[in-house]
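Asks: Okay, predicted coordinates and the sequence, questions at the end:
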Amino acid sequence: MSENAASGTIAFLGLGHMGGPMAVNLVKAGHQVVAYDPVPAALEVAREHGIATVDSAPEAVAGASVVLTMLPSGKHVLDAYRGADGAPGLLSVAAPDTLFLDCSTINVDEAREAAAIALEAGHRSVDAPVSGGVMGAEAGTLTFMVGALPEDFETVKPILELMGRRIVHCGDHGAGQAAKVCNNMILGVSMIAVSEAFVLGEKLGLTHQALFDVASNASGQCWALTTNCPVPGPVPTSPANRDYQPGFAGALMAKDLRLAVNALESTGVDGQMGHLASQIYDAFAAEGGAGRDFSGIITDIRDKSAK
């Protein structure tokens, strides 16, 4: 791939709540983007924002110098790369030495497998999961956690900078996913702890503001408290002030914690809090919290607490 590959056509596959705005930002920056999504409504929105769309993923990939995937799971990524249900694999359709940039959030082992088969097919591979939610995708302020060879990181960095504010090279293939799963395990566990503390404070007669004023300036300070505070009032921009409209949906936190559990089990780490947080968010998502912000876990804790 030439040094100016990042200025060539980008095939963008997956135009959901995150992928759609990311593709829009690439087009706004002057990139030629050819996109595909199996959902017709997503394609229509993309066209309204000036994105060229096609009728299949292989058609989007043909002639592209970069293939960016934003898909729901590792199975979707691997099936797309290899081909499934009669569709040709993207690795076989792409021109030699195409850079495959996967921004999905998937298992670390799946990311490493995707990289291995991409390299075997004569291509380059980068995993770059994101953090920042829909608002970050729309504003172009995402954080990208990147797993790549140094030369591939330098190639893809200018593209990522059009969609994000912070681009972190975490290491070799799979390292981006590793960083994402570790970060989100911290986030899930800390949000549960913050929510339990607020419910306990309510029972003990503390106002939300009093507890926030203390904890946000003491050893309890964390992002789940100071940015995504699970009670309305102390942080006016938190989802708690919008009836827990996401933000970062409970279903996504449940998914990411399952990925964390997979990583804990595959490495033999005694991650008891990660396992417990995964169980709690699985129940939250199954009991009506899937479409609510993950900070809405506080409502479950409150409802299940002794009256």
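Replies: Received it, and whenever you're ready, just let me know what you need.
Asks: quick check, residue 145 in a helix?
Replies: No - read with DSSP: H, G, I helix; E, B strand; the rest coil, residue 145 is strand and lies in no helix.
Asks: so who does it touch?
Replies: 128, 129, 130, 131, 168, 170, 175, 176, 177, 179, 180, 183 (Cβ atoms under 8 Å, 6 or more residues apart in numbering). All C-beta atoms are positioned from the backbone trio N, CA, C, and that covers glycine.
Asks: Check the gap between it and residue 242 for me.
Replies: 27 Å (Cβ to Cβ, to the nearest Å).
Asks: okay if I get the contacts of residue 145 as CSV plus neighbour count?
Replies: CSV is the format used below for these (neighbours: other Cβ atoms under 10 Å):
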residue, neighbour count
128, 30
129, 28
130, 23
131, 19
168, 17
170, 21
175, 20
176, 29
177, 29
179, 22
180, 27
183, 17
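Asks: Next step: these restricted to helices.
Replies: If you go by DSSP state H, the contacts of residue 145 have 175, 176, 177, 179, 180, 183 in helices.
Asks: For those, could you give me JSON lines that also reports pLDDT and distance to residue 265?
Replies: As requested, the ones in helices among the contacts of residue 145 are exported to JSON lines (pLDDT from 0 to 100; distance: Cβ to Cβ, whole Å):
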{"residue": "175", "pLDDT": "98", "distance to residue 265": "19"}
{"residue": "176", "pLDDT": "97", "distance to residue 265": "20"}
{"residue": "177", "pLDDT": "97", "distance to residue 265": "15"}
{"residue": "179", "pLDDT": "97", "distance to residue 265": "19"}
{"residue": "180", "pLDDT": "96", "distance to residue 265": "17"}
{"residue": "183", "pLDDT": "94", "distance to residue 265": "19"}
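Asks: Out of those residues, which comes closest to residue 111?
Replies: Taking Cβ to Cβ as the measure, residue 177 is the one of those closest to residue 111, at 4.3 Å.
Asks: pretty sure the closest one is touching residue 129, no?
Replies: Yes - counting by Cβ atoms under 8 Å, residue 129 is a contact partner of residue 177 at 5.7 Å.
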